[in-house]
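S.K.: Sharing a model that was predicted from the sequence below.
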There are 2 protein chains.
Amino acid sequence: MRIALVGGTGELGEGLALRLGRDTGFELTIGSRDQRKASECAEAYRRELRRHDVDRRMDAATNESAAAEATVVVLSVPPYYVTETVEAIEPALDSETVLVSPAVGMSGHDDGVRYNPPPAGSVTELVVETAPDDVPVVGAFANVPGARIANLDERIEIDTPVVGDSSAAKEVVIDVVSELDGIRAVDAGPLSNAAAVEAITPFLITLAQQNEGFVDLGVKFV
Amino acid sequence: MRIALVGGTGELGEGLALRLGRDTGFELTIGSRDQRKASECAEAYRRELRRHDVDRRMDAATNESAAAEATVVVLSVPPYYVTETVEAIEPALDSETVLVSPAVGMSGHDDGVRYNPPPAGSVTELVVETAPDDVPVVGAFANVPGARIANLDERIEIDTPVVGDSSAAKEVVIDVVSELDGIRAVDAGPLSNAAAVEAITPFLITLAQQNEGFVDLGVKFV
């Protein structure tokens, strides 16, 4: 099975590429709007993996080409590029593709960081609105600290709630996550719970701002 | 220092009474609208503590009398009794009292449980609106699973975000929590972050509904 990290040149994309590269046997494609940037990043991730004694293939492509080859497509782009990215890769999507939405809209305030969802209710629901109707959409990785998972020396023990209206698609994502060391997928129910999941991310950032020694927090349900 | 558990006959009140009774040396008063019910509960908690080799005093009083003697007053009542409870104990409150709000408004749906805040924005802000202006209010214990902490045999390792506009009052609460085994207070900033804290509770209940083996979840920031 192939996983495409669309916008895979950003922090979360890097983290997922490195962890998927180290911990799983899935075929991986790094996607970017710019093919050359995708290739440079894929090469950098391979070098980083070799530094951790993992020698594995990592492909690079434009976002659309990356999505076309993949069963799981992760939209690891900032929230305000989600719509145009889904529109760009739309020809590559079909009912066999699982589209994964990790982005969270946030805004900074004096008191911390607030959840700033799009009118759709959540970024995941925005993806559902934008994608073709037959493409199953799953919210996952929203609360995963990108910078921290991009550091393979960092041992993590975090949860990632998974939401969506297609149980089969959620199952695909949960199975992928189950192969990652230190990241546990928890079922957060249907799409209508996406906002509750996404809202945790700004709160984690607020906690890191308010408490010394808290950096790039994740969440664990215990 | 004395802590009053107003509405201390409920599940969270019981849990806090038992854990405070076991882990700390603070004087404790169990409050209830009904003096006899308060006395019965305080006696039951003492018996439960003796079963765990802790023999300690636990006082009982009406909510107002309990609040009058205490430095920290925990409003461990259901969310829809918060206003009338604050009004009932109001004569006993002053600027030296720290009023602690743990309640969360929620509503059940097919997809899980949703946060259902009062028009004030959060229950903690409702307490601020209702209490006299000079009484410092702190939100704490909102995400603590009452039934689980009420079982002293249960080992826990959870966090409780603490919010409020008075740093001094928050510090009092954080110091109290620091004496409880397995519960860590984290500073969640000013009162305006109370909704973000409270919203985690219905999400924890949703996760417990959606995942086998998850019961009375708490949250940990890692």
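M.R.: Received it, and whenever you're ready, just let me know what you need.
S.K.: Give me the mean pLDDT for the longest helix belonging to chain A.
M.R.: Secondary structure of chain A per DSSP state H: the longest helix is helix A:35-51. In this model, helix A:35-51 has a mean pLDDT of 98.
S.K.: Make sure I have this right: residue A:54 is in a helix.
M.R.: No: applying DSSP: H, G, I helix; E, B strand; the rest coil, one finds residue A:54 to be coil, outside a helix.
S.K.: about what we covered before: can you list the buried residues in the longest helix of chain A?
M.R.: A:37-39, A:41-42, A:44-46, A:48-49 (16 or more other C-beta atoms under 10 Å in any protein chain shown). Every C-beta, even on glycine, is put in place using the N, C-alpha and C of the backbone.
S.K.: Compute the number of surrounding residues for residue A:215.
M.R.: 10 (other C-beta atoms under 10 Å in any protein chain shown).
S.K.: so it sits in a helix?
M.R.: No: judged by three-state DSSP, residue A:215 forms no part of a helix; its state is coil.
S.K.: Name the nearest residue to the residue nearest to the spatial centre of chain A, sequence neighbours excluded.
M.R.: Centroid-nearest residue in chain A, with C-alpha atoms, centre = their mean: residue A:102, separated by 4.2 Å. Excluding the flanking residues, the one nearest residue A:102 by C-beta to C-beta, 6 or more residues apart in numbering or on different chains is residue A:141, at 3.6 Å.
S.K.: these two touch, right, that neighbour and residue A:100?
M.R.: Yes: counting by C-beta atoms under 8 Å, residue A:100 is a contact partner of residue A:141 at 7.0 Å.
S.K.: quick one: which of those two has more around it?
M.R.: Between residue A:141 and residue A:100, counted using other C-beta under 10 Å, the more crowded position is residue A:100 (29 against 26).
S.K.: The buried residues of helix A:35-51: which two are farthest apart?
M.R.: Pairwise distances across those (C-beta to C-beta) peak at 18.6 Å, for the pair A:37 and A:49.
S.K.: And the residue lying closest to residue A:187 once chain neighbours are set aside, how far from residue B:140?
M.R.: Nearest residue to residue A:187 in three dimensions, chain neighbours excluded: residue B:210, at 4.4 Å (C-beta to C-beta, 6+ apart). Separation of residue B:210 from residue B:140 (C-beta to C-beta, to the nearest Å) stands at 27 Å.
S.K.: what about the two, which has more around it?
M.R.: residue B:140 (27 against 19).
S.K.: need the contact list for the more buried one.
M.R.: B:100-102, B:160-163, B:173, B:177, B:185 (C-beta atoms under 8 Å, 6 or more residues apart in numbering or on different chains).
S.K.: try it again with 6 Å
M.R.: If a contact means C-beta atoms under 6 Å, 6 or more residues apart in numbering or on different chains, then residue B:140 has B:100, B:160, B:162, B:173 as its contacts.
S.K.: next one: residue A:15
M.R.: A:146, A:149-150.
S.K.: 10 Å - rerun?
M.R.: Residues in contact with residue A:15 (C-beta atoms under 10 Å, 6 or more residues apart in numbering or on different chains) are A:5, A:45, A:76, A:141, A:144-152, A:154, A:156.
S.K.: can you give me the offset of the host helix or strand of it from its chain's centre?
M.R.: Taking DSSP states H and E as the criterion, residue A:15 maps to helix A:11-23. Put simply, helix A:11-23 sits 10 Å off its chain's centre (C-alpha atoms, centre = their mean, to the nearest Å).
S.K.: That helix: which residues count as buried?
M.R.: So for helix A:11-23, counting by 16+ other C-beta under 10 Å, buried means A:11-22.
S.K.: Let me have the residues you listed in TSV, extended by pLDDT and distance to residue A:72.
M.R.: Listed next are the buried residues of helix A:11-23 as TSV, based on pLDDT from 0 to 100; distance: C-beta to C-beta, whole Å:
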residue	pLDDT	distance to residue A:72
A:11	95	19
A:12	97	15
A:13	97	13
A:14	98	17
A:15	98	16
A:16	98	11
A:17	98	13
A:18	98	17
A:19	98	14
A:20	98	10
A:21	98	14
A:22	98	17
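S.K.: Return the member of these nearest to residue B:90.
M.R.: Closest to residue B:90, out of all of these and judged by C-beta to C-beta, is residue A:12, at 49.0 Å.
S.K.: so what's the closest one up against?
M.R.: So residue A:12 contacts A:5, A:74-78, A:102-103, A:141-142, A:144-147, A:149-150 (C-beta under 10 Å, 6+ apart).
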